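In: Sequence and computational prediction follow.
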Amino acid sequence: MKTELENRPARPPVLRRVAAGMILIVAAVLAIHVVIGLVMSIFWIALAVAVAVAVLWALKTIVW
């Protein structure tokens, strides 16, 4: 049986933990921004296709 105390790893300094937390927050915000940008670009492409189809349908209806 060991009688000596085992060394525990020391916790990182508070400033280092705060910096790590800030980096995680910034990374999460950037990831959310990228995802929102992708969703918006898909939406605008779908909207442009819908407008093009509507214009072609209207021209077909008027001309033919």
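Out: Received the coordinates, thanks.
In: Around residue 29, how many other residues sit close by?
Out: Using other Cβ atoms under 10 Å, residue 29 has 10 other residues around it. To be clear about C-beta, it is placed using only N, CA and C from the backbone, and glycine gets the same treatment.
In: element containing it, please.
Out: Under DSSP states H and E, the secondary-structure element containing residue 29 is helix 14-63.
In: which helices and strands sit right next to that helix?
Out: Contacting helix 14-63 under the criterion 3 or more Cβ pairs under 8 Å, 6 or more residues apart in numbering; DSSP states H and E is no other helix or strand.
In: Distance from it to the middle of the chain?
Out: 10 Å (Cα atoms, centre = their mean, to the nearest Å).
In: List the residues that contact residue 17.
Out: residue 11 (Cβ atoms under 8 Å, 6 or more residues apart in numbering).
In: How much space separates it from residue 24?
Out: From residue 17 across to residue 24, the span is 11 Å (Cβ to Cβ, to the nearest Å).
In: Check residue 30 and give its pLDDT.
Out: Looking at residue 30, its pLDDT stands at 98.
In: just residue 9 next, same as before
Out: We have a pLDDT of 66 for residue 9.
In: right, and the secondary structure at residue 12 would be what?
Out: coil (DSSP: H, G, I helix; E, B strand; the rest coil).
In: just to revisit the earlier point, can you list residues touching both of residue 17 and residue 24?
Out: Common neighbours of residue 17 and residue 24 (Cβ under 8 Å, 6+ apart) do not exist.
In: Could I get the average pLDDT for stretch 15-22?
Out: Regarding stretch 15-22, the rounded mean pLDDT is 96.
In: same deal with stretch 56-64?
Out: The model assigns stretch 56-64 a mean pLDDT of 94.
In: How far away from the center of its chain is that stretch?
Out: Centroid separation for stretch 56-64 versus its chain: 41 Å, with Cα atoms, centre = their mean.
In: Please export the C-alpha coordinates of it as PDB.
Out: Listed next in PDB are the C-alpha coordinates belonging to stretch 56-64 (Å, rounded to 0.1, in the frame of the first residue of the first chain):
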ATOM      1  CA  LEU A  56     -40.600  30.600 -69.200                       C
ATOM      2  CA  TRP A  57     -44.100  29.400 -68.300                       C
ATOM      3  CA  ALA A  58     -45.600  32.900 -68.700                       C
ATOM      4  CA  LEU A  59     -43.900  33.400 -72.100                       C
ATOM      5  CA  LYS A  60     -45.200  30.000 -73.300                       C
ATOM      6  CA  THR A  61     -48.700  30.800 -72.100                       C
ATOM      7  CA  ILE A  62     -48.700  34.200 -73.800                       C
ATOM      8  CA  VAL A  63     -46.900  33.300 -77.000                       C
ATOM      9  CA  TRP A  64     -48.200  29.900 -77.800                       C
END
